[in-house]
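Undergrad: Predicted model and sequence below, questions to follow.
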Amino acid sequence: MNTHASTRPVLIAGGGIGGTATAIALAKKGIKSVIFEQAPELREAGVGIQMPPNAFRMFERLGVLDEMLKRAAIPKNLVFMDAVSGGEILHIPIDDRFIGRFDFPYAMIHRGDLLAVLAGVCYASDKVEVHTSTTISRFEDTGSGVIAMSADGRRFGGAALISADGLWSKMREQIIGPTQERTDNYVIFRGVVPVEAMPRHDLEDAVVMWGGPRLNFSHYPVRNGTYYALGASTQASVNSLEDYQAFTREQGEAAVREAFKPMCEPIQRLFDRIDFGRMWKLYDREPVSTWASGRVALLGDAAHPTYNYMAQGACMALEDAVTLADLLPGADADYADVFRTYQDARYVRTARVQLTSRFYGDLYHCAGVSRDVRNTSLSALSTDQLYNHLSWLYAA
């Protein structure tokens, strides 16, 4: 055993969902870690997040299942609607049969609540140290360890480094070289409002996704149904990636408002609850099979950023964290070997999520004859057929 190596912590760049979950998973194996978060505190933006069954399977492994269920809103149905006609395309009941098939419910959680639970476990653990206001920008693999360098010139030594610093990961380029972000030019505005501020509607206790021509809309309860999370998205009219990067919030608001004018009356009743104060631009990257180099590995969006149409970005990061910790026999592990095994175990599944998310986006946004084919084909599926379609993801 390398006694010195076993006393050094694993360094984690990024204190979001993936980073904190990794620290918890490592702590359960008796491995110390240090989280470096660029923000002043471990905190997520105040929007809702969908948590399918595979996320709850990971919460159970991390020991936070009960805490997450306390904060979750569990709907009665998943519903896909046509944003033009207002007609239902399909629905999946979230009932005993669903839970019997996938072991866990499909639920919604406020992102702030989710990270607060994970961060609380990290702060309470004697195996986890947290450094905020610290951006890790580079690393040096010494062969027997790793030195992580912060943007302000500080150096931190550890046994290994896990880069969980998101889509714009600083470490990704060092590991796999420059890769261009990819986009279909969609922008999204979100909102979280108290339930009493919502107009009455027919789909209150459901996760509802509306698909329309180059747009989509969603709404669902969070915080045990006391709030609603909403999202409105449309495609920016741009000619290049540079134009998209320069696309402003004001342009985005104008585009979304114009796109949704012809949509059905139920959407119009909910639309004004959208918060136009902040706009997100949607990106992913091409799937890759290399996530690791020596004692450094990528995790979550740093490895496999995906569109949001399958609600799997956070789920994949949680799965990464648990898988990686499972592969480590202890603090004196051969990290380079374990990291190679980890990437080989994960990259096909996460790539399938990335590619399927793109396909789901096409289903949401189709128009004309494509819309007719979508509506006819999906509405003909039985509940068992829908379960079978989802089992590779939810039951794994």
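TA: Here it is on my side, so go on.
Undergrad: Counting by contacts, list what the lengthiest helix in the chain packs against.
TA: Using DSSP state H to define each element, the chain has its longest helix at helix 335-365. Packing contacts for helix 335-365, counted by 3 or more CB pairs under 8 Å, 6 or more residues apart in numbering; DSSP states H and E, involve strand 206-212, strand 215-222, strand 292-293, strand 296-298, helix 313-327. To be clear about C-beta, it is placed using only N, CA and C from the backbone, and glycine gets the same treatment.
Undergrad: Direction included, what does the next helix or strand after the second one pair up with?
TA: If you walk from strand 215-222 toward the C-terminus, the next helix or strand you reach (DSSP states H and E) is strand 227-235. Strands that pair with strand 227-235, judged by DSSP bridges, come out as strand 186-194 (antiparallel), strand 215-222 (antiparallel).
Undergrad: Dump the ones you listed to a markdown table, plus distance to residue 14, mean neighbour count and mean pLDDT.
TA: Below are the strands paired with strand 227-235 laid out as a markdown table (distance: least, CB to CB, whole Å; neighbours: other CB atoms under 10 Å; pLDDT from 0 to 100):
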| stretch | distance to residue 14 | mean neighbour count | mean pLDDT |
| --- | --- | --- | --- |
| strand 186-194 | 22 | 20 | 93 |
| strand 215-222 | 24 | 25 | 94 |
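Undergrad: Of all these, which one comes closest to residue 49?
TA: Nearest to residue 49, of all these, is strand 215-222, at 8.2 Å by CB to CB.
Undergrad: Tell me which of the strands paired with strand 227-235 approaches residue 375 most closely.
TA: Per CB to CB, nearest to residue 375 of these: strand 215-222, 14.6 Å.
Undergrad: Quick one: residues in contact with the closest one.
TA: 48, 50, 73, 75, 83, 108-110, 113, 192, 195, 203-210, 227-235, 256, 259-260, 263, 267, 270-271, 309, 364-365 (CB atoms under 8 Å, 6 or more residues apart in numbering).
Undergrad: if we go to 7 Å?
TA: 48, 50, 73, 75, 83, 108-110, 192, 205, 207-210, 228-234, 259-260, 267, 270, 364-365 (CB atoms under 7 Å, 6 or more residues apart in numbering).
Undergrad: ok so, going back, what's the closest of the helices and strands packed on helix 335-365 to residue 386?
TA: strand 206-212 (13.7 Å).
Undergrad: could you check the angle strand 215-222 makes with the closest one?
TA: Following axes from the mean of the first three to the mean of the last three CA atoms, to 10 degrees, one obtains 170 degrees for the angle between strand 206-212 and strand 215-222.
Undergrad: Quick one: mean pLDDT for strand 206-212?
TA: Averaged across strand 206-212, pLDDT comes to 96.
Undergrad: partners of that strand, with directions?
TA: Sheet partners assigned to strand 206-212 using DSSP bridges are listed as strand 77-82 (parallel), strand 215-222 (antiparallel).
Undergrad: List just the one of the helices and strands packed on helix 335-365 that sits closest to residue 375.
TA: That would be strand 206-212 among these, by CB to CB, at 9.1 Å.
Undergrad: just to revisit the earlier point, nearest approach to residue 121 belongs to which of the strands paired with strand 206-212?
TA: Closest among the strands paired with strand 206-212, once you apply CB to CB, is strand 215-222, at 20.7 Å.
Undergrad: Mind putting the strands paired with strand 206-212 into CSV with distance to residue 337?
TA: Listed next are the strands paired with strand 206-212 as CSV, based on distance: least, CB to CB, whole Å:
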stretch, distance to residue 337
strand 77-82, 41
strand 215-222, 41
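Undergrad: so which of the ones you listed gets nearest residue 27?
TA: Comparison of those against residue 27 by CB to CB identifies strand 215-222 as nearest, at 27.9 Å.
Undergrad: ok, residue 335 - how many residues close by?
TA: Using other CB atoms under 10 Å, residue 335 has 26 neighbouring residues.
Undergrad: Let me see the contact set for it.
TA: Taking CB under 7 Å, 6+ apart as the test, what residue 335 contacts is 159-160, 295.
Undergrad: now residue 71
TA: 109, 113, 223.
Undergrad: pretty sure the last one contacts residue 109?
TA: No: taking CB atoms under 7 Å as the contact criterion, residue 223 and residue 109 are not neighbours in contact, 8.1 Å apart.
Undergrad: more crowded one of those two?
TA: residue 109 (24 against 20).
Undergrad: in which helix or strand would I find that one?
TA: Short version, using DSSP H and E: residue 109 is in strand 107-110.
Undergrad: Packing partners of that strand?
TA: Counting by 3 or more CB pairs under 7 Å, 6 or more residues apart in numbering; DSSP states H and E, the packing neighbours recorded for strand 107-110 are strand 48-51, strand 215-222.
Undergrad: okay, those in JSON lines with distance to residue 244 next?
TA: As requested, the helices and strands packed on strand 107-110 are exported to JSON lines (distance: least, CB to CB, whole Å):
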{"stretch": "strand 48-51", "distance to residue 244": "24"}
{"stretch": "strand 215-222", "distance to residue 244": "16"}
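Undergrad: The ones you listed: which one's closest to residue 152?
TA: Short answer: strand 48-51, nearest of the helices and strands packed on strand 107-110 by CB to CB, at 31.3 Å.
Undergrad: Could you pull out the buried residues of the following helix or strand past that closest one?
TA: The C-terminal neighbour of strand 48-51 among helices and strands, as given by DSSP H and E, is helix 53-62. Neighbour-count burial for helix 53-62, counted by 16 or more other CB atoms under 10 Å, picks out 53-59, 61-62.
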